[in-house]
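**Q** Just the structure for this:
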Amino acid sequence: MNFMVLNTGPTAAITDLVSGMYLPSSFATPGATVNESFVPQGWMTTPATIKLYDNVIRHNCRTCHVSQTGFTDWGSFTSFTMEQHMATYVCSPGSVAMPHAEVPSRRYWNSGARAHLLNAMNLHLACAP
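**A** Residues are numbered from 1 along each chain as shown. Presented below is the predicted three-dimensional model:
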């Protein structure tokens with residue numbers, strides 16, 4: 001299945017994710033298993049960015065955002081920080097705009113993910129958990 005995905009001409013973020021998830025092996029190696037602790041290279045800048053990826057992006061944002069192009073693919077912490085309306089999407093009063101998908105949305109709004117995100121982005125807003 002990963003070969004099929006990579007043969008569709010996916011975004012760079014999808015290619016990096018599919019290729020990296022099986023490190024130190026390769027998804028093409030028979031019997032290879034997913035490396036659950038994989039963090040894309042672009043997120044391995046500091047312990048804080050790795051923590052943000054592990055506690056927020058991996059479980060709540062990654063699936064949709066890797067399919068985006070440009071800075072919204074969040075293939076790196078740098079592209080993530082270019083999102084200028086982050087607070088509006090994840091913490092606007094009366095709004096729960098992100099995540100769009102039902103399961104990630106429930107997980108995000110009912111877990112500590114929001115606190116991790118607000119802390120990482122140094123946002124002190126009314127929706128703080």
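**Q** Quick one: distance of stretch 104-120 to the chain centre.
**A** 12 Å (CA atoms, centre = their mean, to the nearest Å).
**Q** and the end-to-end length of that stretch?
**A** This stretch, stretch 104-120, spans 19 Å end to end (CA to CA, to the nearest Å).
**Q** what does stretch 40-51 give?
**A** 12 Å.
**Q** Give me the contact list for it.
**A** 13, 16-17, 20, 39, 52-53, 57, 75-79, 116, 120 (CB atoms under 8 Å, 6 or more residues apart in numbering). From N, CA and C alone the C-beta is placed, and that goes for glycine too.
**Q** Quick one: buried ones out of these?
**A** Listed as buried from those are 13, 16-17, 39, 52-53, 57, 75-77, 79, 116, 120; burial here means 16 or more other CB atoms under 10 Å.
**Q** wait, which of these is closest to Val66?
**A** Ala13 (4.1 Å; CB to CB).
**Q** Which helix or strand contains the closest one?
**A** helix 12-20 (DSSP states H and E).
**Q** any residues touching that helix, and which ones?
**A** 2, 5-6, 10, 26-27, 35, 38, 40-42, 62, 65-68, 73-75.
**Q** Those residues, buried ones only, as a PyMOL selection?
**A** Selection of buried members from the contacts of helix 12-20 for PyMOL, criterion 16+ other CB under 10 Å:
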select buried, resi 27+40+42+62+65+66+73+74+75
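**Q** Sort out for me which of the contacts of helix 12-20 are in helices.
**A** Members of the contacts of helix 12-20 lying in helices (criterion: DSSP state H): 2, 5-6, 62, 65.
**Q** Tell me where the model's unsure across this protein.
**A** 84, 87, 92-97, 124-129 (pLDDT under 70).
**Q** which residues in it form strands?
**A** Assigned by DSSP state E, the chain shows no strands.
**Q** Please identify the residue most distant from the middle of it.
**A** Distance from the C-alpha centroid of the chain peaks at Pro30, with 27.2 Å (CA atoms, centre = their mean).
**Q** Fine by me, we can end here.
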